[in-house]
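Trainee: below: sequence and its predicted model.
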Amino acid sequence: MRMAIALVLTATLAMGALSTQADPLTDKKALEGVEQGRVVFDLNNNHPRVLALYLAVIRETYEDLVGQGVEPDIVLAFRGRAVTMIAFSEERERFDLLEFDYLDEIEEHIAALKDKGVRMESCGVATRLFNVDHGELLPGIEPVRNTFVSLTGYQAQGYAIIPIY
């Protein structure tokens, strides 16, 4: 009898796990009544590997919004050391050789997000502190005076601010 109960319980759990995996995940409850996803990603990363990973997730987030019927209105705000990773420099003297592949990934993600209409800005305070020339910023990234000020403005306009550090 115990063996039969154990087999039924195991089969039930396995079927539940299979049906859960077969059912597509959605954000239906959270997106109920939402037509536009207004979000600013506050990017202040210290390592190119981490920034490349988060940019990949942001690309997926854009596609997830579209796939669930929500129009993305996304802004990327780069500040802190992250501004050094979005400036094009052939020498890449700020980075270790092992980080170059991640810098290439960052450049690829930035270009793809730009093509989707994602707005991007870099902090003028950070570019000054890290000695980044605005002319070296990747295409599509606009310098602003101070991202703390722009984040304040976006939040006042109803954008969700998602910190990524």
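Mentor: Nice, I can see it. Please read all numbers here as calculations on a predicted model, not as lab measurements.

Trainee: which of the residues in stretch 47-62 are buried?
Mentor: When neighbours are counted by 16 or more other CB atoms under 10 Å, the buried residues of stretch 47-62 are found to be 48, 50, 51, 52, 53, 54, 55, 58, 59, 61, 62. Every residue, glycine included, has its C-beta placed from N, CA and C.

Trainee: I'd like the average pLDDT over it.
Mentor: Stretch 47-62 carries an average pLDDT of 97.

Trainee: contacting residues for the residue nearest to the spatial centre of the chain?
Mentor: The structure's the chain has its C-alpha centroid closest to residue 58; by CA atoms, centre = their mean the separation is 2.8 Å. With contact set as CB atoms under 8 Å, 6 or more residues apart in numbering, residue 58 has these partners: 41, 74, 76, 109, 113, 118.

Trainee: quick one: distance of the helix or strand hosting it to the chain centre.
Mentor: Using DSSP states H and E, the element containing residue 58 is helix 48-67. Mean-position distance between helix 48-67 and its chain equals 4 Å (CA atoms, centre = their mean, to the nearest Å).

Trainee: check stretch 95-112 too.
Mentor: In terms of CA atoms, centre = their mean, the centre of stretch 95-112 is found 15 Å from the chain centre.

Trainee: mind listing what's buried in it?
Mentor: Residues of stretch 95-112 classed as buried by neighbour count (16+ other CB under 10 Å): 95, 99, 102, 103, 105, 106, 107, 109, 110.

Trainee: of those residues, closest to residue 31?
Mentor: residue 109 (24.0 Å; CB to CB).

Trainee: mind jotting down where the helices sit in this protein?
Mentor: With DSSP state H, the ranges of helices along the chain come out as 2-22, 28-31, 48-67, 100-115, 124-129, 147-156.

Trainee: run the angle between the helix holding residue 58 and helix 100-115 for me.
Mentor: Counting by axes from the mean of the first three to the mean of the last three CA atoms, to 10 degrees, helix 48-67 lies at 30 degrees to helix 100-115.

Trainee: in the chain, which ranges drop under the pLDDT threshold?
Mentor: 1-23, 89-91 (pLDDT under 70).

Trainee: can I get the contacts of residue 58 in JSON lines with distance to residue 136?
Mentor: JSON lines is the format used below for these (distance: CB to CB, whole Å):
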{"residue": "41", "distance to residue 136": "21"}
{"residue": "74", "distance to residue 136": "23"}
{"residue": "76", "distance to residue 136": "17"}
{"residue": "109", "distance to residue 136": "18"}
{"residue": "113", "distance to residue 136": "18"}
{"residue": "118", "distance to residue 136": "20"}
